[in-house]
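# Pasting the sequence and the predicted model now:
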Amino acid sequence: MSARVTNSGSSDSASSNSAQSGVARVPGSLRDHALPAALLLGFLADQVLRAPGRPALNITLWALAATALLWIVSRRRAAPVSRETWGLVLGAVACSVLLLFRDADALAVFCMFSAVLLLGLAAGRGGSAWAVRAHIVDVAASAIRVGLFIITGPLGWLRGEPQPVPGRPLTPAPATRSWRRSSRVVVRGTVMALPPLLLLGALLMSADPVFDHILRNAFFFDVDTLLEHVAVACVIAWLTSGYMRAFLVDDASVMAHAAVPRPAIAPSEIAFALSLLNVLFIAFLVVQVRYLFGGAELVQVTAGLSYADYARRGFFELVAATALVVPVLLIAEWAAAEDASRRRALRIAATVLVVLLGGVLASAAYRMKLYQDAYGLTEDRLYGSVFMVWLTFLLVWLAVTVLRGRRRGFVFAAVVGGLACIVALHVLNPHAMIARVNLARAAAGSEYDGRYLTTLSADAVPTLIARMPRLPAAERCRVEEMLVKRWSGDRPGGWLAWNLGDARARRLVRGMAVTPDCGVVAMK
């Protein structure tokens, strides 16, 4: 397709040539504002992200600052960032805010992973709306694009030529408003002033001991510590500048060339391959039917089969089957040729495969229930149960969309379903729920792991304090000693490591009435 050349000059021609060559043009105003913003975020990250302990208020503050700077820089774009993109960014910020409510480490990991995933989707097409209708192939290509830009950091901004923002002149801005000119003045002025500053500073420090003490505390650092701070700030700034490049610049022409061609395999061939998988699953369920649905009686009469083995075996079957079925079905639907008359057999085979996996889901859920009834609730068992709920939704949604030829939108809905499970976990408060269930078992005389209660996070403290009187004397003393040891005083990391669960736990422990004969010093 030939380029159109108009009387307006070479801009249309250059833009057309750029599109043909697959090179995205990087607006100079974006580059000049994004790089200083990334550097600022790098130094801010060094100050707030180095607090010990799990991510908490420090991550939230940095996320808010990063979002504000990203919005400021994005206003230099010729085209506005889509509402969908800002929605994904705000979703990532919401994930960082969730870090303020619970103290469980696993929930923090889930929130951080979700925030990274949402930010990756937001930058996938350079601020354009695409994620809601994206196919899995589109998501994979965008993930590679964003990852490459993050790795290359500021080098990604070297790609392309400066372009003016509509309504602004192409000529450089005045010296007082030019970031390059201003930075050059600052750097050269600092270099020229450095020798007399050092000489005069040394003389003044020798003349006044108080001034000498102030300057040494303010400007003289341990070299290793200084290098560590600089390294952290530079690494964060490098990665942030690369993310801003992926977020702010739309590489539509490049992504068009990066599309993976569909192989267009005959649907009958893929249907036959899925049928072989169905035979394998049917054979597996027939052989395992006694163990899948045998229940507690079968566990008790089967030599060498414990509840742990019974539940664990079902769970790994579930994970393996899902890891096999979901990608296989997505790839099968994508790779099959668009032949409506022959796709019917493919969809029937795929539906049978989903139904068979549903049987494994039901068995695994029942096994997990038996396991929890026998040994109580733990973090792994609770998260495994929620994971099964998400897998159930995934299979139902796959059957409704992909198996009916509606491939686009599946990935985004799967992400939303996973985020909903994470929000539900925050509402459930897993550690408080675990403490409540296991303390009820202890009060009823059932088997439970008392030491496991002492490993829970601050989220379980209100439940432990409220239900401690029901525990046997030895268990009560153990829990009291643990509470005083772990939740007395201030949280390590100071205010940057603050979260609501930890603050509430420390307040309750300060006012806790300690049993005198436990040998624990009562707290006033």
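All right, it came through fine.
# C-alpha only now, for contacts and for neighbours.
OK.
# I'd like to know how far V93 sits from A420.
Relative to A420, V93 is positioned 15 Å away (CA to CA, to the nearest Å).
# got a list of what the most centrally placed residue in the chain touches?
Closest residue to the average C-alpha location of the chain: F113 at 1.6 Å, with CA atoms, centre = their mean. Taking CA atoms under 8 Å, 6 or more residues apart in numbering, we find F113 in contact with no residue.
# What average pLDDT does stretch 412-422 get?
Per-residue confidence for stretch 412-422 averages out to 95 on the pLDDT scale.
# Alpha carbons only: can I get it in PDB?
This file holds the C-alpha atoms of stretch 412-422, laid out as PDB (Å, rounded to 0.1, in the frame of the first residue of the first chain):
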ATOM      1  CA  PHE A 412      -9.900 -11.500  30.800                       C
ATOM      2  CA  ALA A 413     -12.800 -13.300  32.500                       C
ATOM      3  CA  ALA A 414     -10.400 -15.900  33.900                       C
ATOM      4  CA  VAL A 415      -8.400 -13.000  35.400                       C
ATOM      5  CA  VAL A 416     -11.400 -11.400  36.800                       C
ATOM      6  CA  GLY A 417     -12.500 -14.700  38.400                       C
ATOM      7  CA  GLY A 418      -9.100 -15.100  40.000                       C
ATOM      8  CA  LEU A 419      -9.300 -11.500  41.300                       C
ATOM      9  CA  ALA A 420     -12.700 -12.200  42.800                       C
ATOM     10  CA  CYS A 421     -11.300 -15.200  44.600                       C
ATOM     11  CA  ILE A 422      -8.600 -13.100  46.100                       C
END
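# the more surrounded of V93 and A420?
For V93 against A420, the residue with the higher neighbour count under other CA atoms under 10 Å is V93, and the figures read 23 against 13.
# so that one is in which element?
With elements taken from DSSP states H and E, the one containing V93 is helix 83-98.
# quick one: average confidence on that helix?
Here the average pLDDT along helix 83-98 is 96.
# Which SSE is immediately downstream of it?
Later in the chain than helix 83-98, the nearest helix or strand by DSSP H and E is helix 105-122.
# tell me which residues in that next one are buried?
Judged by neighbour count (16 or more other CA atoms under 10 Å), helix 105-122 contains these buried residues: 107-108, 110-112, 114-115, 118-122.
# okay if I get these as TSV plus pLDDT and distance to P36?
Putting those into TSV (pLDDT from 0 to 100; distance: CA to CA, whole Å) gives the following:
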residue	pLDDT	distance to P36
L107	95	33
A108	95	30
F110	96	31
C111	96	28
M112	96	25
S114	97	27
A115	97	23
L118	97	24
L119	96	20
G120	95	22
L121	95	24
A122	95	21
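# where does the residue lying closest to T515 once chain neighbours are set aside land in three-state SS?
Of all residues beyond its chain neighbours, the one nearest T515 is C477 (7.4 Å), with distances taken as CA to CA, 6 or more residues apart in numbering. Of the three states, C477 takes helix under DSSP: H, G, I helix; E, B strand; the rest coil.
# C477: how many residues sit nearby?
In terms of burial, C477 registers 20 neighbours under the definition other CA under 10 Å.
# Any figure for the gap between R343 and V411?
22 Å.
# meant to ask about M244, not that
If you go by CA to CA, the gap between M244 and V411 works out to 24 Å.
# and those two? which has more neighbours close in?
Residue environment comparison for M244 versus V411 gives the larger neighbour count to M244, 28 against 21, counting by other CA under 10 Å.
# ok and the helix holding V93 relative to helix 105-122, angle-wise?
Direction vectors for helix 83-98 and helix 105-122, defined by axes from the mean of the first three to the mean of the last three CA atoms, to 10 degrees, enclose an angle of 160 degrees.
# Same question for helix 83-98: list its buried residues.
Neighbour-count burial for helix 83-98 flags 84-86, 88-98 (criterion: 16+ other CA under 10 Å).
# For it, what is the distance to the chain centroid?
Relative to its parent chain, helix 83-98 has a centroid offset of 11 Å by CA atoms, centre = their mean, to the nearest Å.
# Check which helices and strands that helix sits against.
Applying 3 or more CA pairs under 8 Å, 6 or more residues apart in numbering; DSSP states H and E, one finds that helix 83-98 contacts helix 57-74, helix 105-122.
# who's in contact with the first one?
If you take CA under 8 Å, 6+ apart as the criterion, helix 57-74 is touched by 30, 33-34, 37, 41, 44-45, 48-49, 51, 80-81, 89, 93, 96-97, 99-100, 244, 248, 495-499.
# Show me which of those residues are buried.
Buried residues within those, counting neighbours by 16+ other CA under 10 Å: 30, 33-34, 37, 41, 44-45, 48-49, 51, 81, 89, 93, 96-97, 99-100, 244, 248, 496-499.
# Which of these fall within helices?
Among the buried ones among the contacts of helix 57-74, the ones falling in helices (DSSP state H) are 30, 33-34, 37, 41, 44-45, 48, 89, 93, 96-97, 244, 248.
# Adding distance to L158, write these out as TSV.
Converted to TSV, these look like this (distance: CA to CA, whole Å):
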residue	distance to L158
L30	12
H33	14
A34	13
A37	17
L41	20
L44	25
A45	25
V48	30
V89	25
V93	29
S96	31
V97	34
M244	13
L248	14
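# Among these, which one lies nearest to I465?
For these, the residue nearest I465 by CA to CA is V97; the value is 26.9 Å.
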